[in-house]
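Participant: give the three-dimensional model of this entry:
(one chain, ligands or ions: 1)
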Amino acid sequence: MNDYLAACLALPRAHGLLGRGFASSSWDTLPPMRWSKGDRVDYRWDLIRRYAFAIPTDEAVAAVAALSPLVEIGAGRGYWAHLLREAGADVLAFDTYPPRYADSGWWRPGDGEPWTRILRGGPERAGRYPDRTLFLCWPPYASGMAARALRAYDRAGGRRLAYVGEDAGGCTGDRAFHAALERDWRAERDVDLPRWSGVHDHLTIYRRQP
Ligand SMILES: C[S@@+](CC[C@H](N)C(=O)[O-])C[C@H]1O[C@@H](n2cnc3c(N)ncnc32)[C@H](O)[C@@H]1O
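Facilitator: Next up, the predicted model:
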């Protein structure tokens, strides 16, 4: 089990919420915060800043690693890329961060070093690696990053996508991205993830429709 998942399971009430043995394929939601002597402790943001937005499981990491080689856009602090590399996957991971901590808007200098090597690059990089599986984990919903990455990848002949996030209308990927998924891509596999309360993210593996 990875450290992020272990930290989640150690949260107060998490055991009750997640059910027996944590082997269930349908994870329940995690409590995002508690009140401690009047102070609000936001577990979710503490752990996101340390690890990632999405909570990886062995099953999810294995499912994505099986699609190696991978090109990840928006890798953030690189926790998923780190686990994927540990699982033996060949991952090229890009983000506008880490070189631009200050203006990334997502991370703070105090969040620490990335978990693994992240290269600086944007969505256009996806178009350079059509022979790899495109991996997008929590692409922003308020920018065209995911749609641009998918378009560049598609135009270059890319055929496989692993996407961790919410469905259309949710908090990941913009409208154009979800429209392209609906129109041109076929979901082949869905993997449940542990979820923070109020969040509905999951892993879906897509193949480009012929
Ligand atoms: C919600 S975070 C998700 C990060 C990581 N995948 C995770 O799950 O923790 C979105 C990430 O996308 C990156 N990002 C935003 N716009 C980008 C762009 N145009 N090109 C590359 N990365 C971008 C941000 O720097 C941030 O790390």
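Participant: mind checking the SS state of the residue in the chain positioned nearest to the ligand?
Facilitator: As assessed by Cβ to the nearest ligand atom, the ligand sits closest to residue 76 within the chain, at 2.7 Å. C-beta here means a position set from N, CA and C on the backbone, and glycine is covered the same way. At residue 76 the chain is in coil, as set by DSSP: H, G, I helix; E, B strand; the rest coil.
Participant: list the contacts for it?
Facilitator: Taking Cβ atoms under 8 Å, 6 or more residues apart in numbering as the criterion, residue 76 is in contact with 52, 53, 95, 97, 106, 107, 137, 138.
Participant: give me the distance between it and residue 166.
Facilitator: According to Cβ to Cβ, to the nearest Å, residue 76 and residue 166 sit 16 Å apart.
Participant: helix or strand with the lowest mean pLDDT in this structure?
Facilitator: Ranking every helix and strand in the chain by mean pLDDT, DSSP states H and E puts helix 14-18 at the bottom, with a mean of 45.
Participant: so residue 154 belongs to a helix, correct?
Facilitator: Yes - the assignment for residue 154 is a helix, going by three-state DSSP.
Participant: run a quick neighbour tally on it.
Facilitator: Residue 154: 19 surrounding residues under other Cβ atoms under 10 Å.
Participant: ok but residue 205 is inside a strand, no?
Facilitator: Yes - the assignment for residue 205 (three-state DSSP) places it in a strand.
Participant: middle-most residue in this protein, spatially?
Facilitator: By Cα atoms, centre = their mean, the chain has its centre lying nearest to residue 137, at 2.5 Å.
Participant: tell me who's in contact with that residue.
Facilitator: By Cβ under 8 Å, 6+ apart, the contact set of residue 137 is 52, 53, 54, 72, 74, 75, 76, 80, 163, 164, 165.
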